[in-house]
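Engineer: for reference, the sequence and a predicted model appear below.
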Amino acid sequence: MKNIKFTLLLLACGFTAAVSAQDVASITQAETTRIVSTLSADNMEGRATFTPGIEKAADFIQNEFQRIGLKPLPGEDDFKQTFSMYRVSPKEQEVKLNGKEIKPEKVFAITDKKELKWTNKGKQKVVTVGEKDNFRTVLGELNNEQQDVLVLVHPKHEDLFSRYQHYLSSGSVKKQLTQGSSKVLVLTDQAKAPKYKVEVENKIEQLQLTNVGGMIEGKRKDEYVVFSGHYDHIGIEAPVAGDSIANGADDDAAGTTAMIMLADYYKQQPQPERSLLFVAFTAEEIGGFGSKHFSEQLNPDQIVAMFNIEMVGKPSKFGPNSAYLTGFERSDLGTLMQQRLQGTNYSIHPDPYPEQNLFYRSDNATLARLGVPAHTISSVQIDQDKTYHTVNDELEQLDMEHLTNMIKAIALGSAGVVSGEDTPTRVDKSQVR
């Protein structure tokens with residue numbers, strides 16, 4: 001009798017494993033390769049925000065959602081969730097200190113205003129960053145300053161000053177233009193400014209951004225499970241060996257591909273218990289504006305979980321077919337996934353790079369701040385990866401078998417949340433900055 005029971009148990013286990021294998025059989029390496037190859041191709045021009053390349057990528061993702069048979073997101077008429085932002089770009093900057101003209105490369109302004117015209121007869125506050133002062137600390141304090149400020153920065157801080165100046169020279173993106181205070185920073189050996197003249201002119205553009213999202217409506221229509229990845233990247237960079245396109249194959253064509261493949265997979269299954277939202281976020285690389293807009297369209301209390309997927313095209317430090325979950329300790333979503341993956345070839349681990357602050361560096365952070373069990377699944381060895389944000393992040397760097405297996409792992413690991421059998425604990429909002 002014991003032998004019969006044991007045989008039946010083995011058969012049952014074998015049957016379960018066979019079903020699991022069959023369930024994810026539709027997730028193929030050929031289809032994975034087709035999608036990630038298209039998203040990371042040179043003709044997408046690196047998918048930078050506000051470029052024709054990212055618009056082309058949005059069209060491709062929309063067509064994939066149409067092919068799969070998804071519905072638009074709640075409250076949307078089509079798959080493109082479009083919204084407006086402002087880009088503020090420096091046009092002209094002229095500064096004179098005590099009668100001495102300052103070179104433009106030694107000036108930058110932090111302002112939403114189209115024009116600034118200051119003289120020492122105005123109401124600006126003058127702050128000096130001396131040789132021994134901490135420039136970063138002063139910048140942090142300036143964020144809370146309500147008054148317009150002219151900041152005189154000692155040349156010792158030239159390296160950090162130049163980095164900020166270069167970053168702002170390409171413009172800043174803002175959801176709203178405010179009437180708040182402005183700051184003008186000048187790299188100078190002058191410690192006082194009894195006489196000054198500042199003139200700043202900016203170019204202000206109202207531009208459109210687009211998330212691409214679709215849905216499979218569940219039996220519980222108002223309980224949502226989100227699968228996401230950001231489809232933007234950094235665009236055209238300085239040429240390296242004649243190549244100037246930062247294709248963003250791993251970051252994050254890989255994650256976007258996984259999201260699309262999961263949409264296709266779940267569409268082929270019976271109607272899920274919970275509604276499934278599949279979203280390709282825009283503008284992650286310049287401030288996470290896509291996920292922020294998305295979070296404002298839904299009640300976060302109705303979002304049961306978010307599986308954000310980023311940089312899953314290369315094996316993790318834990319070996320083949322493994323990934324890690326950022327912010328693992330902030331909810332039990334990772335533990336629930338681990339339980340679902342027991343007995344498979346796949347595994348999910350806590351984030352091994354806490355010093356990298358990855359929990360806050362992707363689109364999961366916006367919803368996590370609202371209490372949603374929102375985490376990013378990744379496998380990149382971020383401390384060693386040499387292609388991150390370079391022109392070398394190309395298709396040839398990806399391990400296609402690993403990427404395909406990561407999609408299968410997420411499909412199996414998310415099954416309990418999708419079916420309504422698993423409900424992860426909420427993130428403590430007070431513990432998320």
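Structural biologist: Yes, it's here.
Engineer: hmm, who's touching stretch 191-199?
Structural biologist: Residues outside stretch 191-199 that contact it (C-beta atoms under 8 Å, 6 or more residues apart in numbering) are 92-99, 115-120, 124, 126, 128, 130, 150, 152, 154, 184. (Each C-beta comes from the backbone N, C-alpha and C, glycine too.)
Engineer: give me the buried subset of those.
Structural biologist: Buried by 16 or more other C-beta atoms under 10 Å: 93, 95, 97, 116, 118, 124, 128, 150, 152, 154, 184, out of the contacts of stretch 191-199.
Engineer: from those, pick the one nearest residue 425.
Structural biologist: Using C-beta to C-beta, residue 184 comes nearest to residue 425 of the buried ones among the contacts of stretch 191-199, at 47.1 Å.
Engineer: wait, is that closest one part of a helix?
Structural biologist: No. Checked against DSSP: H, G, I helix; E, B strand; the rest coil, residue 184 lies outside a helix; its state is strand.
Engineer: that one contacts residue 102, correct?
Structural biologist: No. Taking C-beta atoms under 8 Å as the definition, residue 184 is not a contact partner of residue 102, at 10.3 Å.
Engineer: who touches both of the two?
Structural biologist: Shared contacts of residue 184 and residue 102 (C-beta under 8 Å, 6+ apart): residue 95.
Engineer: circling back: so which of the contacts of stretch 191-199 sit within strands?
Structural biologist: 92-97, 115-119, 126, 128, 150, 152, 184 (DSSP state E).
Engineer: and residue 394, how far from residue 246?
Structural biologist: Distance of residue 394 to residue 246, given as C-beta to C-beta, to the nearest Å: 9 Å.
Engineer: and of the ones in strands among the contacts of stretch 191-199, the nearest to residue 80?
Structural biologist: residue 115 (34.6 Å).
Engineer: look up how far residue 123 lies from that closest one.
Structural biologist: Using C-beta to C-beta, one gets 16 Å for the distance from residue 115 to residue 123.
Engineer: likewise for residue 279?
Structural biologist: Counting by C-beta to C-beta, the gap from residue 279 to residue 123 is 46 Å.
Engineer: now do the helices in the stretch 201-350 of the chain.
Structural biologist: 255-267, 289-295, 333-341 (DSSP state H, counting those that start in this stretch).
Engineer: pLDDT averaged over the shortest one, what's the number?
Structural biologist: If I follow you right, that is helix 289-295. Averaged over helix 289-295, pLDDT sits at 98.
Engineer: got it, and the longest one?
Structural biologist: If you average the pLDDT over helix 255-267, you get 98.
Engineer: figure out how far that helix is from the centre of its chain.
Structural biologist: With C-alpha atoms, centre = their mean, to the nearest Å as the basis, helix 255-267 stands 17 Å off its chain's centre.
Engineer: ok, and what's touching it?
Structural biologist: Residues contacting helix 255-267 (C-beta under 8 Å, 6+ apart): 24, 26-27, 31-32, 35-36, 39, 61, 64-65, 68-70, 214, 216, 227-231, 272, 276, 278-280, 308-312, 403, 406-407, 410-411, 414, 418.
Engineer: separation between residue 73 and residue 222?
Structural biologist: 13 Å.
Engineer: so which of these two has more stuff around it?
Structural biologist: A direct count of neighbours by other C-beta atoms under 10 Å for residue 73 and residue 222 places residue 73 higher, at 24 against 12.
Engineer: just to check, the more buried one is in contact with residue 217?
Structural biologist: No. Residue 73 is not in contact with residue 217 according to C-beta under 8 Å; the separation is 10.8 Å.
Engineer: quick one: average pLDDT of the lengthiest strand in the chain?
Structural biologist: If you go by DSSP E, the chain has its longest strand at strand 196-216. Average pLDDT, strand 196-216: 97.
Engineer: same check, this time on stretch 425-433
Structural biologist: Across stretch 425-433, pLDDT averages out at 96.
Engineer: pull the CA atoms of that stretch into PDB?
Structural biologist: The C-alpha trace of stretch 425-433 is given here as PDB (Å, rounded to 0.1, in the frame of the first residue of the first chain):
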ATOM      1  CA  THR A 425       0.900  42.600   2.300                       C
ATOM      2  CA  ARG A 426       0.900  46.300   1.700                       C
ATOM      3  CA  VAL A 427       4.000  48.500   1.800                       C
ATOM      4  CA  ASP A 428       4.200  50.700   4.900                       C
ATOM      5  CA  LYS A 429       4.000  54.200   3.300                       C
ATOM      6  CA  SER A 430       5.600  55.800   6.300                       C
ATOM      7  CA  GLN A 431       8.800  53.800   5.600                       C
ATOM      8  CA  VAL A 432       9.100  54.800   2.000                       C
ATOM      9  CA  ARG A 433      10.700  58.100   1.300                       C
END
